[in-house]
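[1] Predicted structure and sequence below. I'll ask about it afterward.
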Amino acid sequence: MKSRQHNIEDSNTFHWSSNSLSKLIPERVAILRKHLKGENALDLGCAQGAYTDFVRSLGFCTIGLDISTDLLTAASRRFQQSFFILGDCTRLCFSDASFDNVIAFDLIEHVDDDLLLTEVCRVCRGTVILSFPLRYHETLGRNGLIYWHYQDHSHLRYYELAAMPALLSRPGLRQIESIEVDPVDLASAFINSLDYSSITRRIIGKLIRALRIRKYPQTLIVACAVLPR
């Protein structure tokens with residue numbers, strides 16, 4: 001199966017956090033601040049460029065790369081201090097060990113993940129930060145609680161938490177930290193769907209939350225170190 005090239009309409013429909021600095025996801029910002037080291041960074045699948053520009057603002061010489069010309073045009077207009085280039089993330093034009101950091105948010109599910117990880121490890125000599133959409137729990141499907149990215153039919157796959165160590169070890173990465181984010185709160189969704197007064201919903205809500213119903217993470221953010229070759 002081949003991935004479909006994204007465009008401006010997709011980025012707006014699915015509310016990509018790369019659209020503007022005001023939409024940056026706090027957990028992603030935190031892991032970038034914590035783990036980025038060195039002097040430069042490559043942001044793969046940069047889309048409209050908000051994360052590229054944020055990393056630049058941290059003092060890194062940053063390149064944003066995307067395969068979509070209209071997304072790059074929007075990024076260049078919006079973030080004129082940042083640098084963007086057209087390219088294929090599975091066939092990068094850079095030399096080995098060119099970057100201290102490589103970032104790939106909301107990308108791996110759209111491309112051949114083995115090729116992407118191989119290229120990332122080839123061009124990076126330091127830290128890699130990735131996001132993975134997690135396979136939704138059957139409970140979410142039964143209750144109609146499917147997160148936005150599960151409606152994006154260009155996704156080629158979703159990932160299991162248990163499979164992460166094996167997936168990341170193949171290309172030569174060592175996991176440093178992982179964060180589960182974007183939780184679907186079944187209790188709140190059920191409470192809000194009730195056709196009762198707000199007072200009654202609050203009472204029912206306290207009772208349901210006392211049961212400690214699990215929240216299901218939808219995305220995994222991982223920071224890794226590239227292992228010596």
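    Everything's here; your move.

[2] Only C-alpha atoms from now on, for both contacts and neighbour counts.
    Fine.

[3] how about low-confidence regions in the chain?
    The model of the chain has pLDDT under 70 over residues 1-20, 136-153, 182-217.

[4] can you rerun that using 90?
    Low-confidence segments of the chain, defined by pLDDT under 90: 1-25, 110, 133-172, 180-219, 228-229.

[5] which residues in it form helices?
    Counting by DSSP state H, one finds helices in the chain at the ranges 8-13, 26-35, 50-57, 69-78, 113-123, 138-142, 164-169, 186-193, 198-209.

[6] There's contact between residue 126 and residue 103 in this structure, I believe.
    No - using C-alpha atoms under 8 Å, residue 126 is not in contact with residue 103; the gap is 11.2 Å.

[7] These two: who's more crowded?
    residue 103 (26 against 23; other C-alpha atoms under 10 Å).

[8] Any figure for the gap between residue 48 and residue 93?
    Computed as C-alpha to C-alpha, to the nearest Å, the residue 48 to residue 93 distance reads 21 Å.

[9] cool, and residue 160?
    Taking C-alpha to C-alpha as the measure, residue 160 falls 31 Å from residue 93.

[10] my read: residue 171 touches residue 121, true?
    Yes - using C-alpha under 8 Å, residue 171 makes contact with residue 121 at a distance of 6.6 Å.

[11] Excluding chain neighbours, give the residue nearest to residue 219 in space.
    Among residues not flanking residue 219 along the chain, residue 133 sits closest, at 4.6 Å (C-alpha to C-alpha, 6 or more residues apart in numbering).

[12] and the one you found, how many neighbours?
    Residue 133 has 25 neighbours, counted by other C-alpha under 10 Å.

[13] I figured it hits residue 161, correct?
    No - the pair residue 133 and residue 161 fails to qualify as a contact (C-alpha under 8 Å) at a distance of 9.9 Å.

[14] more neighbours, residue 171 and residue 121?
    Neighbours were counted for residue 171 and for residue 121 using other C-alpha under 10 Å; residue 121 has more, 24 against 19.

[15] What residues does that one make contact with?
    For residue 121, the contact set (C-alpha atoms under 8 Å, 6 or more residues apart in numbering) comprises 171-173, 226.

[16] Return the closest of those residues with respect to residue 117.
    Closest approach between those and residue 117, by C-alpha to C-alpha: residue 171, at 6.1 Å.

[17] Find the residue closest to that closest one in space, skipping its chain neighbours.
    Spatial nearest neighbour of residue 171, excluding adjacent residues (C-alpha to C-alpha, 6+ apart): residue 118 at 5.5 Å.

[18] of residue 48 and residue 93, who's got more company?
    Looking at residue 48 and residue 93 with other C-alpha under 10 Å, you find the greater number of neighbours at residue 48, namely 30 against 11.

[19] Got the phi and psi for the more buried one?
    Per-residue torsions, residue 48: phi -80, psi 10 (degrees, to the nearest 10).

[20] correct me, but it touches residue 77?
    No - look at residue 48 against residue 77 with C-alpha under 8 Å: they stay out of range, at 9.3 Å.

[21] Pull out the buried positions in stretch 39-56.
    Within stretch 39-56, the residues scored as buried using 16 or more other C-alpha atoms under 10 Å are 40-56.

[22] May I have that stretch exported as PDB, CA atoms only?
    This file holds the C-alpha atoms of stretch 39-56, laid out as PDB (Å, rounded to 0.1, in the frame of the first residue of the first chain):
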ATOM      1  CA  GLU A  39      23.700  22.500  17.300                       C
ATOM      2  CA  ASN A  40      21.300  21.400  14.500                       C
ATOM      3  CA  ALA A  41      18.100  19.500  13.900                       C
ATOM      4  CA  LEU A  42      16.100  18.000  11.000                       C
ATOM      5  CA  ASP A  43      12.300  18.100  11.200                       C
ATOM      6  CA  LEU A  44      10.900  15.400   8.900                       C
ATOM      7  CA  GLY A  45       7.300  15.700   7.700                       C
ATOM      8  CA  CYS A  46       7.300  19.200   8.900                       C
ATOM      9  CA  ALA A  47       4.000  20.100   7.200                       C
ATOM     10  CA  GLN A  48       3.200  23.800   7.900                       C
ATOM     11  CA  GLY A  49       6.400  24.100  10.000                       C
ATOM     12  CA  ALA A  50       5.400  25.100  13.500                       C
ATOM     13  CA  TYR A  51       7.700  22.500  15.200                       C
ATOM     14  CA  THR A  52      10.500  23.500  12.800                       C
ATOM     15  CA  ASP A  53      10.200  27.100  13.900                       C
ATOM     16  CA  PHE A  54       9.900  26.200  17.600                       C
ATOM     17  CA  VAL A  55      13.100  24.100  17.400                       C
ATOM     18  CA  ARG A  56      14.800  27.000  15.600                       C
END
